[in-house]
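Chemist: Everything below, folded, please.
(one chain, ligands or ions: 1)
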Amino acid sequence: MSPSRRTALGAILSSALLLAVGAPAHAQDKQITLGFAQVGAESAWRTANTISVKSAAKDAGINLKFSDAQQKQENQIRAIRSYIAQKVDVIAFSPVVESGWEPVLNEAKAAKIPVILTDRNIDVQDKSLYVTMIGSDFLEEGRRAGHWLEDHYKNDPGPINIAELQGTVGSAPANDRHAGLMEVIKNDPKFKIIASQSGDFTLAGGKQVMEAFAKTYGKQINVVYAHNDDMALGAIQAMEEAGIQPGKDVSVVSFDATKGGFEAMIAGKINVDVECSPLLGPQLMAAVKDVVAGKQLPKRIVTNETVFPMSVAAQILPQRKY
Ligand code: GZL
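Modeler: Numbers count the residues shown, from 1 in each chain. Okay, here's the model as predicted:
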């Protein structure tokens, strides 16, 4: 066989092999288009997450189509449908709630558009509806908060009454930060959740709920368990207006570890902040490129996080990126 015929045959075989493993022959050269359906702009965490996604897409040379659902599932579903109609290469989103995704994700599957979940998970039987989920382990975050409470009150016989500010109803972080806490305190009768209501992850929501809690329970409250910093900061405003000293009369436990959370810890108004990193952009773009290249991805990519007690806040804040 002549060298030129051998080269041509080699090119045909390698393209056939690439196609056989699902990596389109043009995978390496065509600009990737990613459709991203964001939850909204409800919190400092979300703002940092959006910045991370947009800057990472730019750095990766990925063409990003971005939508803000204003925390409404129907808007996210509408955005995903529009990405399907536009025939994007990959769809990614942070599901505002855990349920109700099968219909639109089956449409994406039928259109052969891979879907990546970031930040929050979904509750579906058919796991083939998404390639991977990149984000925090909220159950572990709740356990970490529970263990902090156990240690903080180890010499206190109780009762330790907890007022809980829950995140968005039905969302994975709200469900799991509650469940993780309960795993730890369920066998310790001195801990009791005397009040629990959603502030929808917003500062205004946290303030409104805490105003009602302060009116109803006043000095009975020993702990405010806020599912994110924005609600904790709102609750701090409400407590101070009610003559309660947050961080002193009441221990404040929060999540996200945003700049605002650190500043409140330095001011002695949040006692502990459980980190939940919004900086998921680079991992998402790497996953998008791998999916387009036909590589296999793990079903779950967990972000590494820690817990910051107020004692370390001043020293750590200068190193923080969000
Ligand atoms: C958690 C994220 C939550 C944050 C909130 O990963 O989904 O939503 O804890 C944000 O601040 O609103």
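
Chemist: Spell out, range by range, the strands that occur in the stretch 101-250 of the chain.
Modeler: Along the stretch 101-250 of the chain, the segments classed as strands by DSSP state E, counting those that start in this stretch run 115-118, 132-135, 160-166, 191-198, 223-226.

Chemist: Can you name every helix or strand that the second one contacts?
Modeler: Of the remaining helices and strands, those touching strand 132-135 by 3 or more C-beta pairs under 8 Å, 6 or more residues apart in numbering; DSSP states H and E are strand 115-118, helix 281-292, strand 300-302. Every C-beta, even on glycine, is put in place using the N, C-alpha and C of the backbone.

Chemist: Please name the strands paired to that strand in the sheet, noting orientation.
Modeler: Partner strands and pairing direction for strand 132-135 (DSSP bridges) are strand 115-118 (parallel), strand 300-302 (parallel).

Chemist: Mind checking which residue lies nearest the centre of the protein?
Modeler: The central residue of the chain, meaning the one whose C-alpha is nearest the mean C-alpha position (C-alpha atoms, centre = their mean), is Asp119 at 3.3 Å.

Chemist: still on that earlier bit, which one of the helices and strands packed on strand 132-135 is the most hemmed in?
Modeler: strand 115-118 (a mean of 25; mean count of other C-beta atoms under 10 Å).

Chemist: which residues sit against it?
Modeler: When contacts are defined by C-beta atoms under 8 Å, 6 or more residues apart in numbering, strand 115-118 is touched by residues 53, 90-95, 105, 108-109, 129-135, 280, 284, 287-288, 291.

Chemist: can you narrow those residues to ones near the ligand?
Modeler: Among these, the residues within reach of the ligand (C-beta under 6 Å from any ligand atom) are Gly135.

Chemist: Of all the strands paired with strand 132-135, which one is nearest the ligand?
Modeler: With C-beta to the nearest ligand atom as the criterion, the ligand lies closest to strand 115-118 of these, at 9.0 Å.

Chemist: Tell me if the closest one is near the ligand.
Modeler: No: in this structure, strand 115-118 remains apart from the ligand according to C-beta under 6 Å from any ligand atom; the gap is never smaller than 9.0 Å.

Chemist: which residues sit in contact with Ala232?
Modeler: For Ala232, the contacting residues are 165, 206, 224, 226, 252, 254, 261, 264, 270, by C-beta under 8 Å, 6+ apart.

Chemist: now the strands of the stretch 101-250 of the chain in a markdown table, with mean pLDDT?
Modeler: As requested, the strands of the stretch 101-250 of the chain are exported to a markdown table (pLDDT from 0 to 100):
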| stretch | mean pLDDT |
| --- | --- |
| strand 115-118 | 98 |
| strand 132-135 | 98 |
| strand 160-166 | 98 |
| strand 191-198 | 98 |
| strand 223-226 | 98 |
